[in-house]
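1. got a structure for you, letters missing:
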């Protein structure tokens, strides 16, 4: 299957939004608990996607250095040895550090929850971005298998895999016009990891990973299996009281036969509605109504 190429260039000509394949996991535990699992997942990801390779290592001080074995070892140790109360974050980028290139963005927090009221819902996040060509070249079965292998390592509360439109927050509204209304299956998301989704669920996707406490709020696996016994929806139980819900054989953009192909998305949205994340006002700025409506498109 070929996927649309979605590009939004800002007023200065810079690329501010692009299509991509995204694997994203929300981890409601402090970095010192989960860092070994995150490092295993990142190393596995780097190995499995070859010959795609990361080029740069963001050292966290506004600088980047070439990603070689010594550079990775320093970052690996920094993440694993971060003290409680510190950050174990890491960021690896491709040759071109833009919204259309490879990206690993891990935001590790400690403690979780944070002590500040305005950030009490923040959790650790692992954000893994691939170019759309990867999905087209390797196929959805490979991506599905890769995601399951990574998820097996991670103590997530939720996570997802999908064909998405990644955008800077500043240009999200104009970027939305690339997919509205032609591609109702395409999720509009950020260009990097965002911690404030917390223990909610960031939308409905091709692959939907649910763990605790989200799974418990929905009545557990047996309840989901009963409510989602529909064509095009598969449930796979995972160890550690977790589940994977897959909609169809590959990510859907919704352009052709949208009603039929997106019916599983609407069914899952109705089930997940109590735990779906809703964008919040940030730094005193209201969330544009267009974004809120797009997030709820499967419920309308």
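-> Yes, it's here. These numbers come from a predicted model, not from an experiment.
2. show me where the stretch 101-250 of the chain has its strands.
-> Under the criterion DSSP state E, counting those that start in this stretch, the stretch 101-250 of the chain carries strands at the ranges 103-107, 124-130, 158-167, 187-190, 207-210, 233-238, 242-247.
3. how far off centre is the fourth one?
-> It refers to strand 187-190. 9 Å (CA atoms, centre = their mean, to the nearest Å).
4. now the third one
-> Averaged C-alpha coordinates place strand 158-167 at 5 Å from its chain's average position (CA atoms, centre = their mean).
5. redo the strands of the stretch 101-250 of the chain as a markdown table? Include mean pLDDT and mean neighbour count.
-> The C-beta positions use only the backbone N, C-alpha and C, and glycine is treated the same way. As requested, the strands of the stretch 101-250 of the chain are exported to a markdown table (pLDDT from 0 to 100; neighbours: other CB atoms under 10 Å):
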| stretch | mean pLDDT | mean neighbour count |
| --- | --- | --- |
| strand 103-107 | 97 | 23 |
| strand 124-130 | 98 | 25 |
| strand 158-167 | 98 | 26 |
| strand 187-190 | 96 | 21 |
| strand 207-210 | 98 | 26 |
| strand 233-238 | 98 | 15 |
| strand 242-247 | 98 | 22 |
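6. reformat these as TSV; add distance to residue 55.
-> Shown next, in TSV, are the strands of the stretch 101-250 of the chain (distance: least, CB to CB, whole Å):
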stretch	distance to residue 55
strand 103-107	11
strand 124-130	14
strand 158-167	18
strand 187-190	22
strand 207-210	27
strand 233-238	33
strand 242-247	31
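7. of the ones you listed, which is nearest residue 34?
-> strand 124-130 (6.3 Å; CB to CB).
8. so which elements touch that closest one?
-> Secondary-structure packing of strand 124-130 (3 or more CB pairs under 8 Å, 6 or more residues apart in numbering; DSSP states H and E): strand 15-27, helix 31-48, strand 103-107.
9. so which of these is nearest residue 202?
-> Of all these, strand 15-27 comes closest under CB to CB, at 7.2 Å.
10. quick one: list the elements packing against that closest one.
-> Using 3+ CB pairs under 8 Å, 6+ apart: strand 15-27 touches strand 7-9, helix 31-48, strand 124-130, helix 132-138, helix 140-151, strand 158-167, helix 172-176.
11. just checking, what packs against the first one?
-> If I follow you right, that is strand 7-9. When contacts are defined as 3+ CB pairs under 8 Å, 6+ apart, strand 7-9 sits against strand 15-27.
12. which neighbours does the strand it packs on have in its sheet, and in what orientation?
-> strand 7-9 (antiparallel), strand 124-130 (antiparallel), strand 158-167 (antiparallel) (DSSP bridges).
13. could you export the helices and strands packed on strand 124-130 as JSON lines, including distance to residue 57?
-> JSON lines is the format used below for the helices and strands packed on strand 124-130 (distance: least, CB to CB, whole Å):
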{"stretch": "strand 15-27", "distance to residue 57": "20"}
{"stretch": "helix 31-48", "distance to residue 57": "12"}
{"stretch": "strand 103-107", "distance to residue 57": "10"}
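14. still on that earlier bit, export the strands paired with strand 15-27 to TSV and tack on distance to residue 274?
-> Shown next, in TSV, are those (distance: least, CB to CB, whole Å):
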stretch	distance to residue 274
strand 7-9	33
strand 124-130	22
strand 158-167	13
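15. and of those, who's closest to residue 188?
-> strand 158-167 (5.0 Å).
16. helix or strand right after the helix or strand of the chain with the lowest mean pLDDT?
-> Ranked by mean pLDDT, DSSP states H and E, the weakest helix or strand in the chain is helix 258-261, scoring a mean of 68. Beyond helix 258-261 in the direction of the C-terminus, DSSP states H and E gives the next helix or strand as helix 263-272.
17. could I get the buried residue list for the helix or strand just after that following helix?
-> Remark: after helix 263-272, the chain's next helix or strand is helix 289-295, criterion DSSP H and E. By neighbour count with 16 or more other CB atoms under 10 Å, helix 289-295 contains the buried residues 294-295.
18. nice, that's everything, thank you.
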